[in-house]
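Chemist: just the structure for this:
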Amino acid sequence: MLEKIRLDKILFLDIETVPQEQSFEKLDAKSRELWLNKSKFINKTPSDEDHLYNRAGIYAEFGKIVCISTGYFTVTGKEKQLHIKSYYGDDEKALIASFKELLDKQFYKSDHMLCAHNGKEFDFPYLCRRMLINRIKLPAILDIAGKKPWEIQHLDTMELWRFGDYKNYTPLALLAHIFGIPSPKEEMDGSQVCKVYWQEKNLKKIAEYCRKDVITIVQLFLHFKNEEILSDTQIRVED
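Modeler: So this is what the prediction gives:
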């Protein structure tokens, strides 16, 4: 199956998210009430509300997107080049709108696909929810309402690794390790994004981490296709 999918038809992506406010205390009264109700269902260790609120970024109702990194191929004969671009900033609506423009212009046909790690559980639905909240019309490739399963143009490297097994979550860092792919998790991991954004205010660091995640997803996908992974010269990072 995978060998039939053309690399230049896929947009690889990863998103980074943070809580909408720096701390629990900065939420308005209604948001605090709703978060406390939501957080009852989260494993609490420890129970400190500020510490727990750091995890709010994984919920689209209480978080926001601060970076979307993308990767797509151009193929000329036997030569292929991966183009990496990140959309990041404090203005979530603006960065999502820029990302949507890419989808509308370059990834809108029925044979185009999106690929992320755990994308079906996290990245794709999170993007859709935040688009709706920001009053941005869903692009065709993300608008799955009413579609049959085989009509949905989404690939998920974690799902591909499962081979039908749904017992546990397999982190990208683990797959990168067993396949010998350099992993961005050596420098930073997802649990640090909130601190880097709200305390260090270092969006460029988050964007760099996110870009490396996309490259790792691409290299993993190439392994799944039994193709050679990319050399540094085949990867072009765009500003």
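
Chemist: the worst-scoring helix or strand of the chain on mean pLDDT packs against which elements?
Modeler: Across the helices and strands of the chain, the lowest-confidence element by mean pLDDT, DSSP states H and E is helix 49-53, at a mean of 78. The helices and strands touching helix 49-53, judged by 3 or more Cβ pairs under 8 Å, 6 or more residues apart in numbering; DSSP states H and E, are helix 29-39. Any C-beta I mention is one placed from the backbone N, CA and C, and that applies to glycine too.

Chemist: what ranges do the strands span in this structure?
Modeler: For the chain, the strands defined by DSSP state E cover 10-19, 63-76, 79-88, 113-116, 154-156, 235-238.

Chemist: partner strands of the shortest one, parallel or antiparallel?
Modeler: In other words, strand 154-156. Sheet pairing for strand 154-156, assigned by DSSP bridges, gives strand 113-116 (parallel).

Chemist: hmm, who's touching the partner strand?
Modeler: With Cβ atoms under 8 Å, 6 or more residues apart in numbering as the test, strand 113-116 has contacts from 5, 9-15, 107, 122-124, 141-142, 153-157, 217, 221.

Chemist: any idea how far the biggest helix by length in the chain is from the chain center?
Modeler: Longest helix in the chain, counting residues (DSSP state H): helix 203-224. Computed by Cα atoms, centre = their mean, to the nearest Å, the chain-centroid distance of helix 203-224 equals 9 Å.

Chemist: and the angle from it to strand 79-88?
Modeler: Interaxial angle of helix 203-224 relative to strand 79-88 (axes from the mean of the first three to the mean of the last three Cα atoms, to 10 degrees): 150 degrees.

Chemist: just checking, what packs against helix 203-224?
Modeler: Packed against helix 203-224, as judged by 3+ Cβ pairs under 8 Å, 6+ apart, are the following elements: strand 10-19, strand 63-76, strand 79-88, strand 113-116, helix 157-162, helix 172-178, helix 193-198.

Chemist: make TSV from the ones you listed and add mean neighbour count and distance to Ile136 to it.
Modeler: Below are these laid out as TSV (neighbours: other Cβ atoms under 10 Å; distance: least, Cβ to Cβ, whole Å):
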stretch	mean neighbour count	distance to Ile136
strand 10-19	24	14
strand 63-76	21	11
strand 79-88	18	13
strand 113-116	23	16
helix 157-162	18	26
helix 172-178	17	27
helix 193-198	19	21
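
Chemist: dump the ones you listed into TSV; add mean pLDDT and distance to Asp28 as well.
Modeler: Below are those laid out as TSV (pLDDT from 0 to 100; distance: least, Cβ to Cβ, whole Å):
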stretch	mean pLDDT	distance to Asp28
strand 10-19	98	14
strand 63-76	96	15
strand 79-88	96	26
strand 113-116	98	32
helix 157-162	95	36
helix 172-178	94	35
helix 193-198	94	18
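
Chemist: is it possible to get JSON lines of these that adds distance to Tyr209?
Modeler: Converted to JSON lines, those look like this (distance: least, Cβ to Cβ, whole Å):
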{"stretch": "strand 10-19", "distance to Tyr209": "7"}
{"stretch": "strand 63-76", "distance to Tyr209": "8"}
{"stretch": "strand 79-88", "distance to Tyr209": "10"}
{"stretch": "strand 113-116", "distance to Tyr209": "15"}
{"stretch": "helix 157-162", "distance to Tyr209": "18"}
{"stretch": "helix 172-178", "distance to Tyr209": "12"}
{"stretch": "helix 193-198", "distance to Tyr209": "8"}
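
Chemist: and these: which comes nearest Tyr53?
Modeler: Closest of the helices and strands packed on helix 203-224 to Tyr53 is strand 10-19, at 5.8 Å (criterion: Cβ to Cβ).

Chemist: in the least confident helix or strand of the chain, what counts as buried?
Modeler: By neighbour count on 16 or more other Cβ atoms under 10 Å, the buried set for helix 49-53 is Glu49, Leu52, Tyr53.
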